[in-house]
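Visitor: Predicted model and sequence follow; I will ask about them next.
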Amino acid sequence: MADTSPLDLDFVRSQFPGLGRGWTFFDNAGGSQILSGAIERINRFLIEKNVQIGGSYAVSQDAARALMEARTAAMHLVNAARPEEIVFGNSTTALLQNLARAMQSQLSPGDEIIITVSDHESNIGPWDRLQAAGITLKTWPLNKETLTLDLDDLAALMSERTKLVCVTHVSNILGSINPIRQIADFVHARGARLCVDAVAYAPHRAVDVQAFDADYYVFSLYKTYGPHYALMYGKYDLLLELDTLYHYFYGKDKVPGKLEPGNPNYELAYSTCGIVDYLVALGEKAGETGTVRQKIEAAFEAITAQENLLADRLLTYLRSRNDCRIVGQPVNRDGMRVPTIAFRFDGRDAGDVCKAMDGEQIAMRFGDFHSRRLAEYLGLTDHGGMLRVSMVHYNTLEEVDRFTAALDRILSTDAGLSKAS
């Protein structure tokens, strides 16, 4: 495979001011670097429009237009049908907790919600807590041999009382892309709805909620090149059905405001425009001259090609070592694996290896990455858990090579590393 990047990496990296500090950031699944365009939008709002919306005066009207511009940008980003289908919130965790609260009046004791063992805790914990209200929680298991979710296993769990199925688009440990449209069709045919945690997918591929037919779809902007904020897409008719989380006079028809108690953070929401501006620029550099959405899709085609190079380079190295266990698929077949790669080395404590990498100014992570139930299910919680390298398109092959060279040095010596028994 050619090593030529499909992206203008000089342009790409120039858009992320944090990349100029001498560190290699391989912990992007924990949080990506922020775009200068997102920072500029935040500053512009705070300087020019920093008032409450809803007033009759001009600056308040400007603020309201900025918030609608943010929803419209997010609409293009996920291909929603209308801006009102976008709900902003503090984090994916908070949005899913809010969704569970807003759904409670639709649920009765004995109703069922299905979660997966492979999800991040954000898409498990809020539904687990509903058991206190008499809701039955069922777990869709992961096939330990294929490390996939099998629809036959889901079929065995579903009944006429199943109201919701919750699933991750990509596991932040396994890295493989789940077939969301196939799952959505399966779930909808049985009368239930689908809630998707897309935190580990959205930075890497174009999101198309209409094509996926997800009912609720949530991800974090701070892992998608923006600030510490998040958004949730919901089908408009379903958002209308949810309970209000705001003041009593916010009726059920006040969508999406009723799901944003205290109002969204205007300046962080406005940063979404900067993310979309960047993706549009990437799409134009790729030769796309069509709509905003078409440019976003072209941008992600180039992003995917770059990330496939990165994933293939690292997986090839890890496969070459007879002391390494790759957690998840060891080969990126047909680009169906994002460059979030977890692994372990025989006889090595993951924490010691990760901390030794700190001295190389390479940022990575170890542990269970808040997917503890999956780590426990796979028996991977001992010896510091797993190492994880999570790359995005602004990372380079040179950074991968520097990382693997550092790993060779670290693993070739016993200095500072514990032997795992």
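Guide: Cool, the structure landed.
Visitor: contacting residues for residue 5?
Guide: Residue 5 makes contact with 306, 309, 396-397, according to CB atoms under 8 Å, 6 or more residues apart in numbering. Every residue, glycine included, has its C-beta placed from N, CA and C.
Visitor: Centre of the chain to the longest helix seen in the chain, how far?
Guide: The single longest helix within the chain, with elements called by DSSP state H, is helix 292-320. With CA atoms, centre = their mean, to the nearest Å as the basis, helix 292-320 stands 16 Å off its chain's centre.
Visitor: and if you look at stretch 34-49?
Guide: 23 Å.
Visitor: What ranges does this protein have for its strands?
Guide: Residue ranges of the strands in the chain, as given by DSSP state E, are 24-25, 86-89, 112-116, 136-140, 162-168, 193-197, 216-220, 230-234, 324-327, 340-345, 362-363, 365-367, 386-390.
Visitor: Compute the inter-axis angle for the last one and helix 292-320.
Guide: With axes from the mean of the first three to the mean of the last three CA atoms, to 10 degrees defining the directions, strand 386-390 sits at 140 degrees from helix 292-320.
Visitor: i'd like the first residue to be 6 from this point on
Guide: Fine by me, first position is 6 from now on; the one you just mentioned is strand 391-395.
Visitor: Just the residues contacting strand 391-395, thanks.
Guide: Residues outside strand 391-395 that contact it (CB under 8 Å, 6+ apart) are 31-35, 177-178, 319, 332, 344-350, 355, 358-359, 369-374, 380, 385, 408.
Visitor: what do you get for the fifth one?
Guide: Outside strand 167-173, the residues within contact range by CB under 8 Å, 6+ apart are 108, 111-112, 116-121, 123-125, 128-129, 132, 143, 145, 154, 159, 163, 183, 185, 188, 192, 195-205.
Visitor: Quick check: neighbours of it in the sheet, parallel or antiparallel?
Guide: Sheet pairing of strand 167-173 (DSSP bridges) gives strand 117-121 (parallel), strand 198-202 (parallel).
Visitor: do the fourth one as well
Guide: Each strand paired with strand 141-145, and its direction, by DSSP bridges: strand 117-121 (parallel).
Visitor: how far is the partner strand from where the chain is centred?
Guide: That offset, for strand 117-121, works out to 20 Å (CA atoms, centre = their mean).
Visitor: what does that strand contact?
Guide: With CB under 8 Å, 6+ apart, strand 117-121 has contacts from 128-129, 132-133, 135, 140-147, 154, 159, 162-164, 166-173, 197.
Visitor: repeat that for 7 Å
Guide: Residues from elsewhere that reach strand 117-121 (CB atoms under 7 Å, 6 or more residues apart in numbering): 128-129, 132, 135, 140-145, 147, 154, 162-164, 166-173.
Visitor: Put the alpha carbons of it into CSV.
Guide: Output of strand 117-121 as CSV, limited to C-alpha atoms (Å, rounded to 0.1, in the frame of the first residue of the first chain):
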residue,chain,number,x,y,z
GLU,A,117,-37.6,-3.9,28.6
ILE,A,118,-34.4,-2.1,27.5
ILE,A,119,-31.5,-3.9,25.9
ILE,A,120,-28.0,-2.8,26.3
THR,A,121,-24.7,-4.4,25.0
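Visitor: Any regions of this structure where pLDDT drops low?
Guide: Residues of the chain meeting the criterion pLDDT under 70: 6-8, 419-426.
Visitor: Now list the buried members of the contacts of strand 167-173.
Guide: Neighbour-count burial (16 or more other CB atoms under 10 Å) applied to the contacts of strand 167-173 gives 108, 112, 116-121, 123-125, 128-129, 132, 145, 154, 159, 163, 183, 185, 188, 192, 197-205.
Visitor: hang on, the earlier thing: and the strands of the chain: which comes nearest residue 414?
Guide: Nearest to residue 414 among these is strand 367-368; the distance by CB to CB comes to 11.8 Å.
Visitor: So what's the gap between the closest one and the chain middle?
Guide: Once both centres are worked out by CA atoms, centre = their mean, strand 367-368 turns out to sit 20 Å from its chain's centre.
Visitor: pretty sure residue 230 contacts residue 42?
Guide: No - contact criterion CB atoms under 7 Å: residue 230 and residue 42 do not qualify, at 9.0 Å.
Visitor: where do the contact lists of these two overlap?
Guide: With CB under 7 Å, 6+ apart as the test, residue 230 and residue 42 both reach residue 283.
Visitor: ok, these two, which is more surrounded?
Guide: A count of neighbours by other CB atoms under 10 Å puts residue 230 above the other of residue 230 and residue 42, at 25 against 21.
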